[in-house]
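Enquirer: build the 3D model from these lines:
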Amino acid sequence: MPSKTMSDLDSDHPLYDQVVHEIHIPNEMRDHGEVSDEVIAEAIAYLHRDGILILANAISPSHLDDIEAVLGPEAEEIAKDPQHHFNFGKSTRNMDQAPPLIPELMYKVGSEVSNKPHPLWPFAFAFNIPLCDMSVENGSTELWIGSHKDSNIDQQCTFAGGETGLVIRPELLEDRRQHSPPVQPSTKKGSLIIRDIRLWHAGMPNRTDVPRIMLAFVYQPRWFQAPSRVILPLRAKRLVEQWEAETGVEFQATWVDGDVDHKTINSEEVDFSTGSKTLRELEEMMHLPAH
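Expert: Alright, predicted model coming up:
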């Protein structure tokens, strides 16, 4: 429900106190790999409304400990590499870091659970897995709850040459801040964060001396025809094919012999475009008259 503070009395908009909805997954559901229909219904409802959802206790902390033991020391090493990709510049200290791509550290998470096209309907979901507790202090992601509902490519900044970037126009941010300011939720280790890819969000500074690592996976429907591929070692193929058979989720992978040096992988190499002619013509579709 909306609430109003004294500072808002002269404003044209009420101020909404927003929180990211959290659903606690019981141990028995997590360990079994399936959740109840009620949990699914609750998750879908809030994800549709808010564009963001936290499933607490969805992942075994021991699995995250195994991955963090590898990625923690590597984060310090990678941060010193002048050639490594940092999101929006090295000064942000917000860098890409791929997880180790070996079968021993590839865990299944529950069986239920540039210019590019920007459809006005859900076309991708990001699944984030923090390897530690997250808070404002260590850089929990800034989230603009509900912004996915009217998110479109025209809201992004236009740079020289007509290129659009992954930055929301400042005047739109300030307008929305008057009634629906962003939040930085605190999440516990073992949580799974599901986000509609259209939701406004931003990386925030880590004010501690300990790297705050968060895994990120993007799920897209087949009709989007995304050309993106993940690079995986051939010895993991049997495991991935087993996951595909159990979940119905396809892993678009390029298989290579030997081990993959995950420390050299970054998001600049990922193609977020689409092979769909219809979606490539989205610019015209967006400006059709409203009915």
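
Enquirer: skipping adjacent residues, who's closest to P205 in space?
Expert: Once flanking residues are discounted, P205 sits nearest to G139: 5.7 Å by Cβ to Cβ, 6 or more residues apart in numbering. Quick note: C-beta positions are derived from backbone N, CA and C, even for glycine.

Enquirer: scratch that, V20
Expert: P185 (4.3 Å).

Enquirer: in contact with the one you found, which residues?
Expert: By Cβ atoms under 8 Å, 6 or more residues apart in numbering, the contact set of P185 is 19-20, 22, 54, 134, 140, 143.

Enquirer: report the secondary structure state of it.
Expert: Of the three states, P185 takes coil according to DSSP: H, G, I helix; E, B strand; the rest coil.

Enquirer: from P221, how far off is it?
Expert: 27 Å (Cβ to Cβ, to the nearest Å).

Enquirer: wait, which of the contacts of P185 is closest to A202?
Expert: L143 (8.4 Å; Cβ to Cβ).

Enquirer: show me the longest helix that occurs in the chain.
Expert: helix 61-79 (DSSP state H).

Enquirer: what's across from I129 in the sheet?
Expert: I129 has these beta-bridge partners by DSSP bridges: L215.

Enquirer: D196: which of the contacts of P185 is nearest?
Expert: L143 (10.6 Å).

Enquirer: so that closest one touches I52, yeah?
Expert: Yes. With contact defined as Cβ atoms under 8 Å, L143 counts as touching I52 (5.4 Å).

Enquirer: residues contacting the most centrally placed residue in the chain?
Expert: Nearest residue to the geometric centre of the chain (Cα atoms, centre = their mean): A126, 3.5 Å. Contacts for A126 (Cβ under 8 Å, 6+ apart) come out as 194-195, 197, 216-219.

Enquirer: excluding chain neighbours, what is closest to it?
Expert: Once flanking residues are discounted, A126 sits nearest to R195: 4.6 Å by Cβ to Cβ, 6+ apart.

Enquirer: show me where pLDDT drops low in the stretch 151-291 of the chain?
Expert: Along the stretch 151-291 of the chain, the parts satisfying pLDDT under 70 run over 159-165, 268-269, 282-291.

Enquirer: just the helices in it please.
Expert: According to DSSP state H, counting those that start in this stretch, the stretch 151-291 of the chain carries its helices in the segments 170-177, 237-247, 277-280, 282-286.
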